[in-house]
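In: Here is my input, please return the structure:
(chains A and B)
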Number of protein chains: 2
Amino acid sequence: MLAEIITIGDEILIGQIVDTNSAYISKQLNAIGVKVYQITSVQDERAHILHALEDAKNRVDLVLVTGGLGPTKDDITKETFCEFLDDHLVENAEVLAHIKFIFENYVKRPTLPSNLSQAMVPSTATVLKNQHGTAPGMWFEKDNVVFVSMPGVPYEMKYLLQDEVLPRVIKRFNRPHIYHKTLLTYGKGESEIQEIITDWENNLPKDIKLAYLPSLGRVRLRLSSTNINQKILVDRVDAQMENLQNLLQDIAVGFEDETSIELRIASLLTQKNQTLSLAESCTGGALVQHITQNSGASKFLMGSMVPYKTTLKTELLGVSAALIEKYSVVSGEVAEAMATQCTKVFKTDYAIATTGNAGPTKGDADADIGTVYIAIASPEGVFSEKFSFGEARERVIKRATNKAFEMLLKEISKN
Amino acid sequence: MLAEIITIGDEILIGQIVDTNSAYISKQLNAIGVKVYQITSVQDERAHILHALEDAKNRVDLVLVTGGLGPTKDDITKETFCEFLDDHLVENAEVLAHIKFIFENYVKRPTLPSNLSQAMVPSTATVLKNQHGTAPGMWFEKDNVVFVSMPGVPYEMKYLLQDEVLPRVIKRFNRPHIYHKTLLTYGKGESEIQEIITDWENNLPKDIKLAYLPSLGRVRLRLSSTNINQKILVDRVDAQMENLQNLLQDIAVGFEDETSIELRIASLLTQKNQTLSLAESCTGGALVQHITQNSGASKFLMGSMVPYKTTLKTELLGVSAALIEKYSVVSGEVAEAMATQCTKVFKTDYAIATTGNAGPTKGDADADIGTVYIAIASPEGVFSEKFSFGEARERVIKRATNKAFEMLLKEISKN
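Out: All right, here's what the predicted structure looks like:
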C-alpha cells in the first residue's frame, strides 16, 4: 500500500524553512505498514496543486497534504480541493463552535470574518478535529484514493495525524507490515564493508533490501522488508541481520534504536540511579541541549557549564592554571581535569568534558582547527581521546557531540 | 527560469533523515534568480528515478539531483542517468587521480574496485570536481534542459553547489532577479493583520506576492517579486513594504535579516566590545548552543551554566537559598537573581537567565507546565517577564529561546 506526501507552501520552495513535517509523517506511516512512494513540495498556486493531486492519484492509494489552510488569502488549499473534487464549501457547525471556543478562551478577542471562514469545508469532506488550532483536518475520497488535508504548523499536524488520521488509515486500508533494522558500525568505510559482505549481499533474498548509510565516522547498514505476516517478516530479516552481524563482528557496535543515543544514556542512568554533569568548551552547549530536549533529564542531569573563556576553566571548574599553562587549553590533560573537576563541582557519578578548536579560526590555543579532546570521568577514573574532525565548524561540533555520547554510553554500559 | 530539486534516497521516504539539502539549495538558487518550482523526493529505484527525471524535464529548465552516488550497490543514480541519456559509463582520469589522492592522504588504505568505480561517469557528462569526497558531481544536457547530479552528503553537496554548480548556472541561463523582503510583527494574529491591511492587499500589483507566515507568537509578512531589472524590482517591493510597515506600525518590529537574531546579538556585542553569559534552567542549554554554533562566539560569550538541580543555583550561581524558598524556583525573583549573579560569576556586561517548567511533568516547582520566567541583566539593572508557552516541551523550549534572544537584543540595542 503506497502513500504520497504533498507539502504546499512557497516558504519551502524558497528555502525559508526546512520541511520537517514530511520526515515525521513518513516515519509514522512506515510504522503502520504504509510505504511512502514520493514526497512532493509544491507552490501555493492553484494549477500546480491540482496537477500534483492528479499525478499522485495515479500513483498511490493515500495522499497526505499539508499546508495552505490558514485564514488569509494566500492559503488556497480548500478552494483547490473543491475544484479537484468538483465540490463546494459549506459551513461546518462543529468547527464553527470550536473556533468560537478557542477565540473566547485563548485568543480573547472577537472573531473576524476570516476566522469564521475556517469553518467552511468541502461538502463531501469528513472533518477531522484539530484540537490545537482553528484549521480543521479533512478526509476525502476520489476514484478510490484517499486524500487527507492537514495544517502545515508542525505541532497541529502531529496531533491531528496521531489522533485522527492514523486510526482512520488503519481502519480503511489493508496494510502489510514493514520492518527496518539498522546495524551501527564504526571504523570502516562503506566500500570496505561491501567487500567483506559481498557474497552475503549477492545471496540476499530479493524482497529484503540493504542500504548503506555513511555519515561522519560511522556506516549504518539498514535491512528493510515487507510482509503480510509480521512473524515471518521479523524472523527473516532478523536471521539475515544475524549473518551480517557475524560477518562484521569487529566493527558492529549494536543496532540503531528507535531511541536516540541520548535517550539510551538517559534510560541507563535513571535505571542505575546515577548522575551526570557536563563541562563543554568546544561543543558549546550542544551536549546539554541534546540531553535536556527530552523530558526526565532532571532525574540524572545535575547541571552543565560552558566555561568558554579559558580563565573560567580555573575560576569556575577549578582546573589548575599551571596545568593549562603547561599543556595548553586544548589537550588531553586539560580535558581530563575538566571532567574530574566537573564531577566534584556538580557532585555527579559521570562527567563529559570537551575542549578543542571548532574553527574556522584559532582561539586561545594553537591546536589545529578540528582538534578535539573528549574526556569521560566515571566512578572508575578518567580517560580522554584526541580527534581530528575536519575544518567545518558545524561538522566539528556535530562529530564531537556524537563521539562524546558514544564514549559515555560505552562507559556507563560497562559498569 | 524554473528549477526542480530531486532528492534520491529511501532514508528520506522512511523518515530516517530530514531533508535539509533541499532548503539549502532552494535558498542558493533564489539568490541568483532561479525559482524552484517543485521539490520531489523519490526512492533508490530505477523506474521511479527515470519517471521523476522525465516529469521534471517537461516542467523546468534546470534539474538538480542529490543522492545515490556512493560506491555501494544500493546507489544507482549514475547508471540510471546513463539510461535516461542513452549513454554509457567511461572512466574519467581526473576523478580517478583524485580518488587515489584521497585514499593515499586521508583514508590511508588501498583502494578497492568499488572505490575506483566512482571514477566511472556517463561519457557526455561534464565532471564537477568534489573537493570534499570521492563522488564527482556531473552536469548533463538533454532537450535543452540541464541536469546536475550531486552527492547527498550535505557538506559535499554544499561546496560542490557553491564552487561548481552555481557559477555554471549563472553563465548558462538568463535569470531575472528575485527579491523577498519579510516584515516581522508581534502581538496580532494573521487574521487581524489581514483585516488591517485588506485595502492595501487588494490593491497590491499582481506581480508582487504577499505571504503570511505565522509561527510561535509572531507573524512574518513576506513580499516577493521577480524582475529582469534589479533596481525596478527592489524599488517597487520596498515601496509596497513601506506602505505595509506604516499600516502596521504598532506591531512591526523590523525586517527579517538574512542574519539570525543570534548573529545580530553577536555583531552588536562584538562591535560594542561587551560580554554575555547565560544561566539556563528550563531552556537547558538551547541558548548557549544557538550562540556557539556561530564562529566568533568566544569574542563576547564568556560562558554559561545550566544549574539544572535547584541547589546548584545556590552553590554555583550564588542565588540565595532563602529567596528560592520564599518565591519558589520558578519565579521572577529567582530569574532576576540568577541573571544578576550570572554577570558577577562570569564577569559580563549582560546575562540571560531562564527558569520555568518545560513539561511534560512538573519538576522541583509547582508552577504550571509551560510557565517560564526570563530575566535580562544589563549594566542598567535587571528585569524579568513571565510567559505561558503551552504544554509541548519542544515548543516551550523553542519559544523561550526566541523570546529570550528578542528581550536581549532589544536591551542591547537601547544602550
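In: Just the C-alphas of stretch A:241-249, formatted as PDB.
Out: The C-alpha trace of stretch A:241-249 is given here as PDB (Å, rounded to 0.1, in the frame of the first residue of the first chain):
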ATOM      1  CA  MET A 241      20.800  -9.400  10.300                       C
ATOM      2  CA  GLU A 242      22.400 -12.100  12.400                       C
ATOM      3  CA  ASN A 243      24.500 -13.300   9.500                       C
ATOM      4  CA  LEU A 244      25.500  -9.700   8.700                       C
ATOM      5  CA  GLN A 245      26.500  -9.000  12.300                       C
ATOM      6  CA  ASN A 246      28.700 -12.100  12.300                       C
ATOM      7  CA  LEU A 247      30.500 -11.000   9.200                       C
ATOM      8  CA  LEU A 248      31.100  -7.600  10.700                       C
ATOM      9  CA  GLN A 249      31.700  -8.600  14.300                       C
END
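In: if we look at that stretch, which residues are touching it?
Out: Stretch A:241-249 has contacts (Cβ atoms under 8 Å, 6 or more residues apart in numbering or on different chains) with A:181, A:183, A:185, A:193, A:196, A:197, A:200, A:221, A:223, A:252. No exception for glycine: its C-beta is placed from N, CA and C like everyone else's.
In: wait, which of those residues is closest to chain B?
Out: The shortest approach to chain B among the contacts of stretch A:241-249 belongs to residue A:193, at 8.0 Å (Cβ to the nearest Cβ).
In: does that closest one sit in a helix, a strand or a coil?
Out: Here residue A:193 takes the helix state, with states given by DSSP: H, G, I helix; E, B strand; the rest coil.
In: wait, it sits on residue A:187?
Out: No. Contact between residue A:193 and residue A:187 fails when scored by Cβ atoms under 8 Å: they sit 9.9 Å apart.
In: related to what we said a few turns ago, a markdown table please, covering the contacts of stretch A:241-249 and showing secondary structure and pLDDT.
Out: A markdown table is the format used below for these (DSSP: H, G, I helix; E, B strand; the rest coil; pLDDT from 0 to 100):
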| residue | secondary structure | pLDDT |
| --- | --- | --- |
| A:181 | strand | 92 |
| A:183 | strand | 92 |
| A:185 | strand | 87 |
| A:193 | helix | 93 |
| A:196 | helix | 93 |
| A:197 | helix | 95 |
| A:200 | helix | 95 |
| A:221 | strand | 93 |
| A:223 | strand | 94 |
| A:252 | strand | 84 |
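In: for chain A, which spans come out with low pLDDT?
Out: The model of chain A has pLDDT under 70 over residues A:216-217, A:257-259, A:362-365, A:415.
In: Now list whatever residues contact both of residue A:193 and residue A:187.
Out: A shared contact of residue A:193 and residue A:187, defined by Cβ under 8 Å, 6+ apart, is any residue touching both; here these are residue A:251.
In: For those two, indicate the residue with more neighbours.
Out: Each of residue A:193 and residue A:187 has its neighbours counted (other Cβ atoms under 10 Å in any protein chain shown); residue A:193 has more, 25 against 14.
In: Just list the residues touching the more buried one, thanks.
Out: A:185, A:212, A:219, A:221, A:248, A:251, B:72.
In: How many residues are close by the fifth one?
Out: Residue crowding around residue A:248 was assessed by other Cβ under 10 Å; the count is 20.
In: The fourth one too?
Out: Residue A:221 has 27 neighbours, counted by other Cβ under 10 Å.
In: so it touches residue A:214, yeah?
Out: No. Taking contact to mean Cβ under 8 Å, the distance of 10.0 Å between residue A:221 and residue A:214 leaves them out of contact.
In: For the nearest residue to residue A:261 once chain neighbours are set aside, what are phi and psi?
Out: Spatially, and ignoring its direct neighbours in sequence, residue A:261 is nearest to residue A:405 (4.6 Å; Cβ to Cβ, 6 or more residues apart in numbering or on different chains). Here the main-chain torsion angles of residue A:405 (degrees, to the nearest 10) amount to phi -70, psi -40.
In: quick one on the thing from earlier: what two of the contacts of stretch A:241-249 are the furthest from one another?
Out: Farthest pair in those (Cβ to Cβ) is A:181 and A:196. Separation: 18.6 Å.
In: Which residues are in contact with the closest residue to residue A:270 other than its chain neighbours?
Out: Once its chain neighbours are removed from consideration, residue A:270 has its nearest residue in residue A:299; the separation is 5.0 Å (Cβ to Cβ, 6+ apart). With contacts defined as Cβ under 8 Å, 6+ apart, residue A:299 is in contact with A:266, A:269, A:270.
In: can you tell me how far residue A:299 sits from residue B:306?
Out: Look at residue A:299 and residue B:306: by Cβ to Cβ, to the nearest Å, they are 15 Å apart.
In: Same question for residue A:322.
Out: Taking Cβ to Cβ as the measure, residue A:322 and residue B:306 are separated by 28 Å.
In: Between these two, point out the one with more neighbours.
Out: The residue with more neighbours, out of residue A:322 and residue B:306, is residue B:306; 35 against 9, by other Cβ under 10 Å.
In: Does residue A:147 touch residue A:87 like I think?
Out: No. Taking Cβ under 8 Å as the definition, residue A:147 is not a contact partner of residue A:87, at 11.5 Å.
In: anything in contact with each of these two?
Out: residue A:81.
In: more neighbours, these two?
Out: In this comparison of residue A:147 against residue A:87, neighbours counted by other Cβ under 10 Å, the higher total goes to residue A:147 at 22 against 17.
In: Give the helix, strand or coil label for the more buried one.
Out: When the rule is three-state DSSP, residue A:147 gets the label strand.
In: Now do the helices in the stretch 251-400 of chain A.
Out: The residue ranges that make up the helices of the stretch 251-400 of chain A, judged by DSSP state H, counting those that start in this stretch, are A:261-272, A:286-292, A:310-315, A:321-327, A:332-346, A:393-414.
In: Mean neighbour count, these: which tops it?
Out: The densest packing among the helices of the stretch 251-400 of chain A, expressed as mean neighbour count by mean count of other Cβ atoms under 10 Å in any protein chain shown, is seen in helix A:286-292 with a mean of 27.
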